[in-house]
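Student: Next input, structure requested:
(2 chains, ligands or ions: 1)
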Amino acid sequence: MEKVSIIDGVVAPLDRSNVDTDAIIPKQFLKSIKRTGFGVNLFDEWRYLDHGEPGMDCSNRPLNKEFVLNQTQYKKAQILLTRSNFGCGSSREHAPWAIVDYGFKAILASSYADIFYNNCFKNGLLPIVLSEEIIQQLFLLLKEQPNFNLKIDLENQMIHGASELSIPFELDSYRKYCLINGLDEIGQTLKYGNSIDDFELKHKKNFPWLFTELEV
Amino acid sequence: MQGKTLYDKLWNIHLVRSDENGSDLLYIDRQLIHEVTSPQAFAGLKMNQRHPRRPSASLAVADHNIPTKDREKGIDNPISALQIQTLEENCKEFKIPYISMEDHRQGIVHVIGPEQGATLPGMTIVCGDSHTATHGALGALAFGIGTSEVEHVLATQCLVQKKMKNMLIRVDGKLQEWVTAKDVVLTIIAKIGTAGGTGYTIEFAGEAISDMSVEERMTVCNMAIEAGARAGLIAVDQKTINYMKDKPFAPKRDDWESAEVFWETLKSDADALFDKTITFNANDIQPQVTWGTSPELSINIYDKIPKRNPEYSNALTYMGLSEDTSISDYLLDKIFIGSCTNSRIEDLRDAAKVVQGKTIADTIKLAMVVPGSGLVKEQAELEGLDKIFIAAGFEWRDPGCSMCLAMNADRLDDGERCASTSNRNFEGRQGQGGRTHLVSPVMAAAAAINGHFVDIRETN
Ligand code: SF4
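Tutor: Numbering: from 1, shown residues only, chains lettered A, B, ... in the order given. Modelled structure (predicted):
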């Protein structure tokens, strides 16, 4: 996984609460067996005026000009600003895959659905939680000045903007460590192979029926 | 010593190690696998030259995009076909037990897990699917995970997790006649909101929950995720134990006896501490219909659609509804009885009772019943339920997720209005532009007969 340290990019405002994973990446795209290529279909139903299907050439599709990602200044945005309960709904990791594939590196929201939040970290995407007031402030700022950059400093857990704007954020230290070092979580767990072996032996002794072979 | 909640107990039993950051390594007893969220996990294993630690701790089945009719003709969408073929090949290569589309036990992953006894009380159960919460009805800690975590569990049989907080939702007293588990859980979600349970594991308790059958409890836990909680739980009681008795993979003989002793401990201690407790009065709960594009936007059948406020305006426009009107004023186009929320045998029996001897309204374009599994279908046919539905004008389909998420051919067309027993009414969930109203099986059945929603208590 790529290491994350400083994210410096354009902020795109998606002014909605409860953006669900079906909106982030509609289910027809879940049929893919790959991890990449979902970016062109991020927010497909909001972004395009026609119905999207996997394998379509998106460069010719009619765009919904109103939608934020279709506005020129946000085409290369790296930071997504949104509201509460972002990523609710299904467990599909296709949602962060699509967000990352589009080019986003961080999300700013007042809250996230739990599974989505977890999934972000496995894909080098940084979901930052900020208070509703600060989120509101950032939306107002973007209204006044539709094109601005923020610089996210992961190491120091700070967000910097123009005119002395600086906002601290909280992050679990293990997750931060994995992001900064680009660590593969499975590899980390496999280091505890002995603990897992010991646990499994004990568990099997206590609950042998949990180890029934499923012969179908 | 302070008592423990059921969640605390399940967590502790499966704790491999804790680290100073508060991240725990949790042992996973069972992983359920389906075609949509697993291909990239298997690809990841191969790429890193890893192997499943315990292949037979997993059980795989294809459910999300398989056809629900003319199955013998195969799958005509080549991308869906490839996804299922990929699952088959991965299971073969990694020796993972797989129930094929042709197998009579095939069905929705959350229906077949309990039905086969592949999911048991006291287990930790994961699946790359948020409705894994369903299995919590058996007193198991069950939650949905992403694809990277699917890969993690395959490789290590463990997951790195942070413990959630404990929430208790009590539903005291008795439910009115025709008010179902679905109405209970929709009422709860309407009250606490779709993020109300975020960061918590919710235990459901109280007289109304104890009175429920195990299948009804699954309906409640299934939708815990719609309240934001990754896991829902219900304590084990004699009903749970009886339910497990004849299941194919349930413990046998001596194992059964020791399992039973253990299972009886799977309840919260009387003095257990919950971070949050919310109480409902069962008798106040009315038949529910959702009117918006989030499961929390639900009302009592006879209530008016709420007045437009900025937050609702997108939802009202999308749903083609006007504020302050009755939900029963709107004609329905389609009826869907199915999904892992409401496709078990009791759901079908209840719905059949309502439609027996009647026919669906002329204005309904399609009414379909999609049993949750091949075994549910067989049982229903044994009881003649299929004939009741078909005589009433319903289509009787093969098991799968079907129009719950419209990954196969079953879907709503733009603007179509549907009474659905599934769990999500998000924009486009059942087909682009489709309008979903979530209801119980009996409410869906009564809506099919009348062509619009009715208060089931008045028509029956
Ligand atoms: S029935 Fe619906 S909610 Fe349940 S597993 Fe299938 S798609 Fe998901």
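Student: Point out the residues in the stretch 1-150 of chain B that sit beside the ligand.
Tutor: B:Asp63, B:His64, B:Ile108, B:His110, B:Asp129, B:His131 (Cβ under 6 Å from any ligand atom). C-beta here means a position set from N, CA and C on the backbone, and glycine is covered the same way.
Student: change it to 5 Å
Tutor: For the stretch 1-150 of chain B, the residues in contact with the ligand (Cβ under 5 Å from any ligand atom) are B:Ile108, B:His131.
Student: Could I get the full set of strands for the stretch 1-150 of chain B?
Tutor: If DSSP state E, counting those that start in this stretch is used as the criterion, the strands of the stretch 1-150 of chain B fall at B:15-18, B:23-27, B:30-33, B:58-61, B:98-99, B:124-127, B:141-144.
Student: a markdown table for those strands, including mean pLDDT and mean neighbour count?
Tutor: Below are the strands of the stretch 1-150 of chain B laid out as a markdown table (pLDDT from 0 to 100; neighbours: other Cβ atoms under 10 Å in any protein chain shown):
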| stretch | mean pLDDT | mean neighbour count |
| --- | --- | --- |
| strand B:15-18 | 96 | 17 |
| strand B:23-27 | 95 | 20 |
| strand B:30-33 | 98 | 26 |
| strand B:58-61 | 98 | 27 |
| strand B:98-99 | 98 | 22 |
| strand B:124-127 | 98 | 28 |
| strand B:141-144 | 97 | 27 |
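Student: Indicate which one of the ones you listed is closest to A:Ile107.
Tutor: Closest approach to A:Ile107 among these is made by strand B:141-144 (20.1 Å; Cβ to Cβ).
Student: who does that closest one pair up with?
Tutor: strand B:124-127 (parallel) (DSSP bridges).
Student: Which part of chain A gets nearest to the ligand, residue-wise?
Tutor: Nearest to the ligand in chain A, going by Cβ to the nearest ligand atom, is A:Ser90, at a distance of 7.0 Å.
Student: quick one: secondary structure of that residue?
Tutor: coil (DSSP: H, G, I helix; E, B strand; the rest coil).
Student: tell me the pLDDT at the nearest residue to it once chain neighbours are set aside?
Tutor: Of all residues not flanking A:Ser90 in the chain, A:Thr21 sits nearest, at 4.7 Å (Cβ to Cβ, 6 or more residues apart in numbering or on different chains). At A:Thr21, the model reports a pLDDT of 94.
Student: swap in A:Lys75?
Tutor: A:Lys75 carries a pLDDT value of 90.
Student: what's near enough to touch it?
Tutor: The contact partners of A:Lys75, taken as Cβ atoms under 8 Å, 6 or more residues apart in numbering or on different chains, are A:Leu69.
Student: now the strands for chain A?
Tutor: Remark: strands assigned in chain A by DSSP state E are A:6-13, A:79-81, A:106-109, A:126-129, A:149-153, A:158-160, A:166-168.
Student: Could you export those strands as a markdown table, including mean neighbour count and distance to A:Ile99?
Tutor: Shown next, in a markdown table, are the strands of chain A (neighbours: other Cβ atoms under 10 Å in any protein chain shown; distance: least, Cβ to Cβ, whole Å):
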| stretch | mean neighbour count | distance to A:Ile99 |
| --- | --- | --- |
| strand A:6-13 | 18 | 11 |
| strand A:79-81 | 24 | 7 |
| strand A:106-109 | 23 | 7 |
| strand A:126-129 | 21 | 10 |
| strand A:149-153 | 19 | 15 |
| strand A:158-160 | 17 | 18 |
| strand A:166-168 | 13 | 21 |
